[in-house]
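what's the 3D shape of this:
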Amino acid sequence: MIQLTRLNGKPFSLNALYIEVIESFPDTTITLTNGHKYVVKEPEQEVCMRIASFYRDINVLSLRKGSEVLEDE
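Numbering: from 1, shown residues only. Below is the predicted model:
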């Protein structure tokens with residue numbers, strides 16, 4: 001789950017696994033796979049960073065928190 005803030009200032013948690021689309025027009029709008037939409041205060045880039053962090057925490061991404069990508073030698 002990621003923590004976000006509605007436009008009225010109330011915080012809520014959203015399961016990032018169900019996010020399909022994130023758009024900014026100019027408010028950040030998140031559309032879930034079931035069609036529900038949420039408008040949040042956080043900018044699109046911040047939401048994307050929180051999603052990536054959430055995926056790392058639950059080991060969906062191959063990188064673990066604090067690890068570095070090794071470059072080909």
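
pLDDT weak spots in this protein?
In the prediction, the chain carries residues with pLDDT under 70 at positions 62-73.

taking the centroid of it, which residue is nearest it?
The chain has Ile51 as the residue nearest its centroid, 3.0 Å off, counting by Cα atoms, centre = their mean.

list the contacts of it.
By Cβ atoms under 8 Å, 6 or more residues apart in numbering, the contact list for Ile51 reads Ile2, Ala16, Ile19. Bear in mind the C-beta positions are built from the backbone N, C-alpha and C, glycine included.

phi, psi of the second one?
Which is Ala16. phi -70, psi -20 (degrees, to the nearest 10).

is it true that it touches Arg50?
Yes - if you go by Cβ atoms under 8 Å, Ala16 and Arg50 touch, sitting 7.4 Å apart.

ok, those two, which is more surrounded?
Ala16 (21 against 17; other Cβ atoms under 10 Å).

report the contact partners of that one.
Contacts of Ala16 by Cβ under 8 Å, 6+ apart are Met1, Ile2, Arg50, Ile51, Phe54, Tyr55.

which two in those residues are spaced the farthest apart?
Spanning the widest gap among the contacts of Ala16 are Met1 and Tyr55, at 11.9 Å by Cβ to Cβ.

more neighbours: which of those two?
Using other Cβ under 10 Å, the more surrounded residue of Met1 and Tyr55 is Tyr55, with 16 against 13.

disregarding flanking residues, what is the spatial nearest neighbour of the more buried one?
Of all residues not flanking Tyr55 in the chain, Leu61 sits nearest, at 4.5 Å (Cβ to Cβ, 6 or more residues apart in numbering).

how about the one you found, secondary structure?
In three-state terms, and counting by DSSP: H, G, I helix; E, B strand; the rest coil, Leu61 is coil.

go ahead and confirm it touches Ser53.
No - in this structure, Leu61 is not within contact of Ser53 by Cβ under 8 Å, at 9.5 Å.

overlap in contacts, those two.
Contacts common to Leu61 and Ser53, judged by Cβ under 8 Å, 6+ apart, are absent.

check which residues of the helix or strand containing Arg50 are buried.
In this structure, Arg50 sits in helix 44-57 according to DSSP states H and E. Buried residues in helix 44-57, counting neighbours by 16 or more other Cβ atoms under 10 Å, are found at Glu44, Val47, Arg50, Ile51, Phe54, Tyr55, Arg56.
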